[in-house]
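Asker: Got a sequence here, can you model it:
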Amino acid sequence: SRIVDGFRQDLVGVDHGFIYLACSAFHGNSVLYPVVDCLEREHGIGQDDDAATRAAKLDDFVGGIDLDAAGITPYIGPLLFEPIDDRHAASDASPEERKRHLFEALLTILAVQTGKRPLLMIAEDIHWIDRSTEEFLGALIDRTRDFKLFLLMANRPEYAVPWSGQPHLTTLALNRLGRSGSADMINRVTGGRALPAEVMEQIVLKTDGMPWVAAVCSSFALLRSVPTIAARVTPGICRAWGRNSATILPAPTTASLERQSDREQDDTEQRRRQLNHRGARLGAIRQQQHEAGSHHRPGADEDEGRA
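Answerer: Below is the predicted model of the structure:
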């Protein structure tokens, strides 16, 4: 993530568009989750928007880039809202046909956007990618030679990249940092503030060349070694370790730090999706009660919400 962010910073001042796809550990089985999330952001769709509002925003977006809505909205619409009206309903009989037309609609939008200016697309954490998004990225990679598009995908080593071997695709494996690289990372994190030699040695040895882990441990060591900062930012650390005690680092494990990062990244998104799902369930219950002409039982919705 630091390298990706640094790459983006190098493009500041360069005219280009930007699209961001973020895969999630909680949505590996959610069809096109990163694409849907991106479309909602790009179209200004809020979580409280109803189907009619979402449809109108999609129509405005497609109309704004001068595309034929008949070939776009019937395939993208079902991703963004329910129920689907006749104007946004795809007529294809088979799911495979609908998926093919959906991918073509998304690629058509990208073709128009890259025709106006170069586009940077970043797809992060694709080791959590769902199958449909993986298929879409494969279709996009096949077409990137026709677009003014730079696609940057980031993943952990355990992910087997299915698109390797194509002449216009470069795979860059990042090795772990050596001693000098780890020392440079520590100095960057601490802003050049000197840490005790024994602390530097512990960070280099215990982080095993993992850049993100080295950054976390360096920040922790800096807080502990500078009492004024520790007292202001994390007073609990000062009390626990003592203001003048030797700075001894805990032995971090890569797995535990990765799990912590994953939880922080996805907790907010998971809560948002759960609330949306709960609201949809309550709305469906009210609709069923209305259609059946049943009387509202006090507390029914609240009971369902708690369930």
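
Asker: What's the local residue count around Trp128?
Answerer: Other residues within reach of Trp128, judged by other C-beta atoms under 10 Å, total 21. (C-beta placed from N, C-alpha, C; glycine too.)

Asker: Verify the stated contact: it with Ser24.
Answerer: Yes: between Trp128 and Ser24 there is a contact at 5.9 Å, judged by C-beta atoms under 8 Å.

Asker: low-scoring stretches of the stretch 101-250 of the chain, by residue?
Answerer: 212-213, 216, 220-250 (pLDDT under 70).

Asker: could you pull out the strands for it?
Answerer: 119-124, 149-153 (DSSP state E, counting those that start in this stretch).

Asker: Now the last one: buried residues?
Answerer: The reference is to strand 149-153. By neighbour count on 16 or more other C-beta atoms under 10 Å, the buried set for strand 149-153 is Leu149, Leu151, Met153.

Asker: Distance of Leu140 relative to Ile126?
Answerer: In this view, Leu140 and Ile126 are 12 Å apart by C-beta to C-beta, to the nearest Å.

Asker: Show me where the chain has its helices.
Answerer: With DSSP state H as the criterion, the chain has helices at 2-10, 33-42, 51-64, 73-80, 95-116, 131-143, 179-189, 197-206, 211-225, 227-233, 235-241, 254-292, 300-306.

Asker: Now for Trp128 and Ser24: what residues contact both?
Answerer: Counting by C-beta atoms under 8 Å, 6 or more residues apart in numbering, Trp128 and Ser24 have no common neighbour.

Asker: Can you list the neighbours in contact with stretch 77-87?
Answerer: Here stretch 77-87 has contacts from 32, 35-36, 39-40, 43, 45, 50-51, 54-55, 58, 73-74, 88-90, 102, using C-beta under 8 Å, 6+ apart.

Asker: mind listing what's buried in it?
Answerer: Buried residues in stretch 77-87 (16+ other C-beta under 10 Å): Gly77, Pro78, Leu79, Leu80, Phe81.

Asker: got the end-to-end distance for it?
Answerer: Length of stretch 77-87, first residue to last, C-alpha to C-alpha, to the nearest Å: 9 Å.

Asker: Stretch 116-132 too?
Answerer: This stretch, stretch 116-132, spans 28 Å end to end (C-alpha to C-alpha).

Asker: can you check stretch 157-175 too?
Answerer: Across stretch 157-175, the terminal residues are separated by 10 Å (C-alpha to C-alpha).

Asker: Distance-wise, check Leu106 relative to Leu67.
Answerer: According to C-beta to C-beta, Leu106 and Leu67 sit 12 Å apart.

Asker: Looking at these two, which one has more neighbours?
Answerer: More crowded of Leu106 and Leu67, by other C-beta under 10 Å: Leu106, with 21 against 17.
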